[in-house]
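Participant: Here is the input, now give the coordinates:
(2 chains)
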Number of protein chains: 2
Amino acid sequence: MNNDQIWIDENHKDSRYGLKGKLVVRKKTAYQEIIILKTFEYGNALMLDGCWMTSDRDEKYYHECLVHPALSNLSKINTVLIIGGGDGGTLRECLKYKDITAIDLVEIDEEVINLSKHFLKKVGGNSWLDKRLKINICDGCKWVKNIKNNYYDAILIDCSDPSDFANGLFSTDFYKECKRILKEKGILATQSESPESFKKIHIEIIQSLKSIFKTSSTMYAFVPFYPSGIWSWTFASNNEKDFLIPKHNQIKSIENSCDVWNLNYQEGALKMIPNKILKELFKQNTND
Amino acid sequence: MNNDQIWIDENHKDSRYGLKGKLVVRKKTAYQEIIILKTFEYGNALMLDGCWMTSDRDEKYYHECLVHPALSNLSKINTVLIIGGGDGGTLRECLKYKDITAIDLVEIDEEVINLSKHFLKKVGGNSWLDKRLKINICDGCKWVKNIKNNYYDAILIDCSDPSDFANGLFSTDFYKECKRILKEKGILATQSESPESFKKIHIEIIQSLKSIFKTSSTMYAFVPFYPSGIWSWTFASNNEKDFLIPKHNQIKSIENSCDVWNLNYQEGALKMIPNKILKELFKQNTND
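Facilitator: Okay, the predicted model is just below:
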C-alpha cells in the first residue's frame, strides 16, 4: 500500500465497509463532516458524517432507481423538485427528460455541491451548467412550505440518513407539504433506507407515505456500498390509475442510457421484499 | 471495544467488509484457512480463505435462494446431491421437503463440517442428525464421475469462489457430468457469483450452463455480507416445460418458514439483472 493510501470505513453496528484510497478532502461544515477519497477501483467516493454517499463506480445503482421509476411514470413533466442531491447524480438522471422546463435543487449544505462539482465530475458533470436548473441553499422542510399548491410534477427526496438536520425529511408534516405542492398526477420518490440495516425507519417511512397518499409502493434493489447492500425507494402519488406504469415517450432511450435500471429491473425490484419484512409490514397493517 | 474484540475483513480490490467480534477459531486445513468469529449483531460468522461464507444473521439470504427455486420446481423429490455446503444451511433448507429420501452431501474439507456443527449451530442445527443424510468427504468433481446416469432429482452446488481446489466446480466437464447424473426432469442449482465483483466468472458460468443444458435462468438477489451485496444463482435443466414454475405441494408452508425467499421474491429476482450485465450477456450471445 502506498504511503498516501488509507482506509476509510463506514461503521454500522458490528460491521464496517471500507474503501482504500488517497484522502483528498476532509472538511467540517456547519452541518456535517465531508470526506472525499480517491480510489483506484471505485473512482472518487463521497462520505458524509461517516456514511458513504456516492462513488463514481456505484452511484448509478442508487440514482437511477430514485429517478426513473418516478419520471418514467409521467407522460409530461414540467417542474421537478430535488431535495438534497448535492452530488449531482439525481440531477443528471432528471435532465435526460427533455420536456422538463425547471428543476429546483434544494440542498442544505452548499459545500457538498461545491466539492462535488470539483471532485465528483463523473457524477454531476455538465448537469450543473444546465439552464433549467436553479440551486437553492436551504432546508428542504422550509422550502416546501413556501411553494404554492399543485406546483411540481415530481418531488425526488435524495437525502442522507436521519440526523439532527435531516430528520424533518422523514416526518409526516413534510410529506403532507409535499402532497400539497404536487400536481394532481404528480409523484413523490424518496430513498427509504435499508430494510435490513435500518428496519424501523424503513417501515415508518412506508407507513407514513401510505397514510398520507392515495397510493404508494416500495422498490428493493442493490446499492453495493450502502450498509447491507440492500436499499429501498418508495414512490407515492394521489393518482392511483396507472401508478408506476411507465408512460413517458423517451423510455426506450433512457433505458438504453442506464447502467442498472430498466423496466424489467424495476418490475423485479417492486417484488423483491424479503419475506421477513413482508411479514412485519403485514403485522403492522393488521395492528392499525 | 473490549480487549478480545477484533476486526476481521474480507478484502476485495480497494474495498473491505469487516465484522467485529471475538475470534473463536483460526485453523489452517489441507485446503484453506478457516476462521470463526463470534459477533454480537451477526452471531457467529464463518470465513474461508479470507472470504465470508456464512453468518447466523445473514445466511438465509444465500441458502434459501439456492435451494427453493430448484426444489419447489419439482413435483416429487427423492434424491438430492449437495456439493460443498459444509456449514449445513443448504442441507437445512432441503430437509423441509418431506418426500426427499436421500441427500448426499459431498464436502472436500471435513473440518468445515466439524467446526460448523460445533460453532454454527443456528445454521445446521439438528439437520446433521437427519437419517436421510449421508456425508461424503470427497472432491465434488470426483464424486459425480462415479454416479450412474439419471440418479439425482436435484444437484445443488454450494461452493466457494474459484480457487485451486474449487475451480473444477465451475468447469464445463463438471457440468456435463451433472447433466448425465440428473434425472430427466431434474434440476441443477449453483451459486454463480456476483455480477458486480466477479463479472467475468459470473458470465462464464451462465454461458457454460446455457451451452450444456436445454434451459437455464439466473436469479439476482441480496447477500449482505458478500462482496457488492449482489449475488446470483443459476438454475439449469433439460426439462424446458414449466422451468422454474413452482409445483411442489409443500410450497405454502415452505414460503411461510422462510426469512427471505417467497415466490414473489423469486419472480422479482429473476428480473433483477442490472442493465450493464444484460448488455454484456447480449453482446456475448451475438458473438457466438
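Participant: any chance you could map the helices in chain A?
Facilitator: With DSSP state H as the criterion, chain A has helices at A:59-71, A:89-94, A:110-119, A:140-145, A:172-181, A:199-212, A:251-257, A:263-269, A:275-287.
Participant: List just the one of those helices that sits closest to residue A:21.
Facilitator: helix A:110-119 (11.9 Å; Cβ to Cβ). (C-beta placed from N, C-alpha, C; glycine too.)
Participant: JSON lines for the helices of chain A, including mean pLDDT and mean neighbour count?
Facilitator: Output for the helices of chain A, formatted as JSON lines (pLDDT from 0 to 100; neighbours: other Cβ atoms under 10 Å in any protein chain shown):
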{"stretch": "helix A:59-71", "mean pLDDT": "98", "mean neighbour count": "26"}
{"stretch": "helix A:89-94", "mean pLDDT": "98", "mean neighbour count": "26"}
{"stretch": "helix A:110-119", "mean pLDDT": "98", "mean neighbour count": "19"}
{"stretch": "helix A:140-145", "mean pLDDT": "96", "mean neighbour count": "18"}
{"stretch": "helix A:172-181", "mean pLDDT": "97", "mean neighbour count": "18"}
{"stretch": "helix A:199-212", "mean pLDDT": "95", "mean neighbour count": "18"}
{"stretch": "helix A:251-257", "mean pLDDT": "97", "mean neighbour count": "14"}
{"stretch": "helix A:263-269", "mean pLDDT": "98", "mean neighbour count": "21"}
{"stretch": "helix A:275-287", "mean pLDDT": "80", "mean neighbour count": "14"}
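Participant: Between those helices, which one is closest to chain B.
Facilitator: helix A:263-269 (3.0 Å; Cβ to the nearest Cβ).
Participant: Return the backbone torsion pair for the residue nearest to residue A:71 when sequence neighbours are not counted.
Facilitator: Spatial nearest neighbour of residue A:71, excluding adjacent residues (Cβ to Cβ, 6 or more residues apart in numbering or on different chains): residue A:97 at 5.5 Å. Dihedral pair for residue A:97: phi -90, psi 110, per degrees, to the nearest 10.
Participant: Residue A:97 reaches residue A:253, doesn't it?
Facilitator: No. Using Cβ atoms under 8 Å, residue A:97 is not in contact with residue A:253, being 10.4 Å away.
Participant: what's near enough to touch the residue of chain A found nearest chain B?
Facilitator: When scored by Cβ to the nearest Cβ, chain A has residue A:229 as its residue closest to chain B, at 1.7 Å. Counting by Cβ atoms under 8 Å, 6 or more residues apart in numbering or on different chains, residue A:229 touches A:222-223, B:222-224, B:228-230.
Participant: Which of these scores worst on pLDDT?
Facilitator: The pLDDT minimum for the contacts of residue A:229 sits at residue B:228, where the score is 89.
Participant: Can you give me the distance of it to chain A?
Facilitator: Note on residue B:228: its distance to chain A, by Cβ to the nearest Cβ, to the nearest Å, is 4 Å.
Participant: Okay, domains of chain A per the record?
Facilitator: Annotated domains of chain A cover A:5-54, A:59-287 [automatic domain parsing].
Participant: Format those as JSON lines; extra columns: distance to residue B:267.
Facilitator: Shown next, in JSON lines, are the domains of chain A (distance: least, Cβ to Cβ, whole Å):
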{"stretch": "domain A:5-54", "distance to residue B:267": "30"}
{"stretch": "domain A:59-287", "distance to residue B:267": "6"}
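Participant: Just confirm residue A:33 contacts residue A:50, I think it does.
Facilitator: Yes. Between residue A:33 and residue A:50 there is a contact under Cβ under 8 Å: 7.4 Å.
Participant: Chain neighbours aside, what residue packs nearest to the residue of chain A closest to chain B?
Facilitator: Leaving aside its sequence neighbours, residue A:229 sits nearest to residue B:229 (Cβ to Cβ, 6+ apart; 1.7 Å).
Participant: Report the contact partners of residue A:257.
Facilitator: Residues in contact with residue A:257 (Cβ under 8 Å, 6+ apart) are residue A:96.
Participant: Including distance to residue A:61, could the contacts of residue A:229 go into JSON lines?
Facilitator: What follows is those, written out as JSON lines (distance: Cβ to Cβ, whole Å):
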{"residue": "A:222", "distance to residue A:61": "5"}
{"residue": "A:223", "distance to residue A:61": "5"}
{"residue": "B:222", "distance to residue A:61": "12"}
{"residue": "B:223", "distance to residue A:61": "15"}
{"residue": "B:224", "distance to residue A:61": "15"}
{"residue": "B:228", "distance to residue A:61": "9"}
{"residue": "B:229", "distance to residue A:61": "10"}
{"residue": "B:230", "distance to residue A:61": "9"}
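Participant: From the residues you listed, pick the one nearest residue A:183.
Facilitator: residue A:223 (29.4 Å).
Participant: Report the separation between that closest one and residue A:154.
Facilitator: 21 Å (Cβ to Cβ, to the nearest Å).
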